[in-house]
Structures are given as C-alpha cells and as structure tokens.
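S.K.: mind folding the following:
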Amino acid sequence: MNVGLHFLENSYNDLPFQASTYLNVAGKEAGRKSSERLERIFFKGRPSPALVSVDVKVSLKEDPGARIQLGNEPNLETEGFGGGPEDYARWFLDIRDRVKEARLYYAGMSPGVPNWQDWYLHPKAQEAISSANGIAVHAYGNLAEVMSAIEPVRFFNKPLWVAELNFAAGRSVDRNAWARAELKPILNYLSSVGVEAVTYFAYKWPTPDMHLPTPVDAEGTEILSILRNWLPVPVPVPPIIVNPTIPPVVILPSVAFNAAERRDRIWNIAEEFEKNGYSWTGQGLKAVLALSKGDR
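M.R.: Numbers count the residues shown, from 1 in each chain. I've put the predicted structure just below:
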C-alpha cells in the first residue's frame, strides 16, 4: 500500500512521497514528485459530461497513466451536484462512455451525510462502479470511524484509494497525539484489507474561508514522519460476525444447492443485525448479496 499526501497547490517544498492526490487547478505540478497519483477533477455544481470529458482528455495527454477521480463528495449539499445516487451514477457512466481509455475512479462520498452508503450500493451506482477503474473513499477520525467508512465498499473487488484521511475537520485535537495513537493502526488496517493507496488530507490547506479549531495541515507535524516511515504490519482482517443463535447452514450432498434460498437466509440475517443496532454489519452483508448478482 502506498501512502502520501493530498496537495492543493504546488508550493509543497518538493516533498517526496509514494502517493499523492491533487486537484487539477493551480497548476499540474502539485504532487508530481510522487510515483502514484490520483487527480481530482475539480468543480462545483454539475458540469456537463461533455465538458468534463474534455478535461479528462487534456489530463491524459499530460499523464496517460493518471488515475482520475470524477468529482468530490457529490452527496454533500455544499458541493452543489444535486440529485441522488442514481444521478451521479448516470453522470459517471456518460463520461465513462466518452473516455473509455481513462482510469476513472468513482468519487469519494462524505461519510458524514445520512445514508451515504446508498451512493455506492444503489443498483445504478453498482453498475457505474463496475465500469470504474477504482473507487475513491473518504475516511476521518479514529480507527473505528475509518473502518465504518471502508467496510461498506471493500467488497466491490475494485482498487480502493483513500483520497482523504484525517482526524475529522472541525474537531479540536492534538494532531501529533492523534497521529501517534491512531495513524499507524489506521494504516495497518487499510493495508490489511487491500487498499492500494492512502493520502492524508492535506499537506497544507491554503483556503482562508475555512475557520477550523484545529488546522488539518500535516505540515510541521508528526503526521509527515509517520507517513514517511510507515511499514505494513500484518493484522487480521476484521471478520463478519455470525450470530451464534442462528443455526449454521448445512449442505447435504444429496440435496441440490439452492443459491436463491441461501441468499434469502443471509438477507434475513442482515436484517436482524440492523434491527439490533449492527447497521454496518447488516449493510456489509447486503453489499455482498448485491455483488453476488454477478454469479448469475
């Protein structure tokens, strides 16, 4: 797993990292020192697929192997995309059809918005993700909170790039203490579930209209040294918890295998998890069932 930083402009003191995420504004030099890069097409509102496709083609001329993330948190009202999961999925598919040669990544959603998982799990979203080259994910906070943002999407069998990771903007924290207590365990977990890259947001936030109790800047903090020196440590992949009160499924050799019946059982188990407060486990099981349509 590659690790690095999110850059918003090019005055980053030539920091070498394995991975970077950058906006395609303020010059294309931002993050170019990294060996692996994810470019975020930057806009507010909902530009036409034809217009965005032109931007993508320009980026491909400059960097033919670039990963390109189409938009930023379209489920967040302030981004102005409008609509719902199906609208973004159709918009993504339109661009996919126009630039088939591009390495397009599904946008990272804000995990702070209610029902944000629907933007990945809606049937049209699943269709669009199946055509994507990867998925961008945004995750913030401590290890448990990061896990809650990753678990609903790690079943898609697509490369995952955690394009934004930090302690959660808006909180008052000691960045060095957060980095020492949380960042290494978070990186170890993300590596264990097969994430391809993680980029901390951000190296330096230059926007003056953000009044935060604690800056998200990694500059001048221990975040930089931890990212630079991190080495993967094997950790067990979090298991799917099975309710021990539910009898196990026994498949007898003499009985024909009924996939639909087994799916119904798993769906009922998922519903039971959700009713008892285990919403992430329930959503995870349902995500597996949704993906199982590919077996038909």
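S.K.: Gln188 reaches Val198, doesn't it?
M.R.: Wrong residue type there; residue 188 is Asn, not Gln. No. With contact defined as C-beta atoms under 8 Å, Asn188 does not reach Val198; the gap is 11.0 Å. Yep, even glycine has a C-beta here, placed from its N, CA and C like the rest.
S.K.: out of the two, which sits in the more crowded spot?
M.R.: Taking other C-beta atoms under 10 Å, Asn188 and Val198 do not tie; Val198 has more neighbours (29 against 17).
S.K.: what are the ranges of the helices in this protein?
M.R.: 49-62, 85-98, 118-121, 123-131, 143-150, 175-178, 184-192, 222-229, 259-275, 279-291 (DSSP state H).
S.K.: and of the ones you listed, who's closest to Asn75?
M.R.: With C-beta to C-beta, the closest approach to Asn75 among these belongs to helix 118-121: 5.0 Å.
S.K.: packing partners of the closest one?
M.R.: If you count contacts as 3 or more C-beta pairs under 8 Å, 6 or more residues apart in numbering; DSSP states H and E, helix 118-121 packs onto helix 85-98, helix 123-131, helix 279-291.
S.K.: let me know the average pLDDT across the first one.
M.R.: By that I understand helix 85-98. Averaging pLDDT along helix 85-98 gives 98.
S.K.: give me the helices and strands touching it, please.
M.R.: Looks like helix 85-98 contacts helix 49-62, strand 67-70, strand 103-106, helix 118-121, helix 123-131 (3+ C-beta pairs under 8 Å, 6+ apart).
S.K.: pLDDT below threshold where in the stretch 101-250 of the chain?
M.R.: 207-210, 234-250 (pLDDT under 70).
S.K.: apply 80 and report the result again.
M.R.: 206-211, 233-250 (pLDDT under 80).
S.K.: point to the residue nearest the middle of the protein.
M.R.: The centre of the chain sits closest to Val137, judged by C-alpha atoms, centre = their mean, with a distance of 1.1 Å.
S.K.: isn't Tyr203 right up against Phe7?
M.R.: Yes. Under the criterion of C-beta under 8 Å, Tyr203 makes contact with Phe7 at 5.4 Å.
S.K.: about what we covered before: show me what the residue nearest to the centre of the chain is bridged to.
M.R.: Val162 (DSSP bridges).
S.K.: bridging residues for the nearest residue to Ser34 once chain neighbours are set aside?
M.R.: Of all residues not flanking Ser34 in the chain, Ser20 sits nearest, at 3.8 Å (C-beta to C-beta, 6 or more residues apart in numbering). Judged by DSSP bridges, the bridge partners of Ser20 are Leu5, Arg37.
S.K.: quick check: Ser20 vs Ile150, distance?
M.R.: 20 Å (C-beta to C-beta, to the nearest Å).
S.K.: swap in Tyr189?
M.R.: 8 Å.
S.K.: with His211 instead?
M.R.: From His211 to Ile150 the distance is 29 Å (C-beta to C-beta).
S.K.: how is the protein partitioned into domains?
M.R.: Under automatic domain parsing, the residue ranges defining each domain of the chain are 2-229, 239-296.
S.K.: hmm, back to that, now tabulate the helices of the chain in CSV and tack on distance to Leu15.
M.R.: Listed next are the helices of the chain as CSV, based on distance: least, C-beta to C-beta, whole Å:
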stretch, distance to Leu15
helix 49-62, 21
helix 85-98, 31
helix 118-121, 32
helix 123-131, 32
helix 143-150, 23
helix 175-178, 17
helix 184-192, 18
helix 222-229, 8
helix 259-275, 43
helix 279-291, 35
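S.K.: closest to Glu164 out of these?
M.R.: helix 143-150 (10.0 Å).
S.K.: out of the domains of the chain, which is the most enclosed?
M.R.: Mean neighbours per residue, mean count of other C-beta atoms under 10 Å, is largest over these for domain 2-229, with a mean of 18.
S.K.: quick check: end-to-end length of that one?
M.R.: Start and end residues of domain 2-229 are separated by 12 Å (C-alpha to C-alpha, to the nearest Å).
S.K.: likewise stretch 59-71?
M.R.: OK, stretch 59-71 end separation, C-alpha to C-alpha: 14 Å.
S.K.: same check, this time on stretch 109-128
M.R.: 15 Å.
S.K.: same check on stretch 61-69?
M.R.: Its start and end residues considered, stretch 61-69 measures 16 Å (C-alpha to C-alpha).
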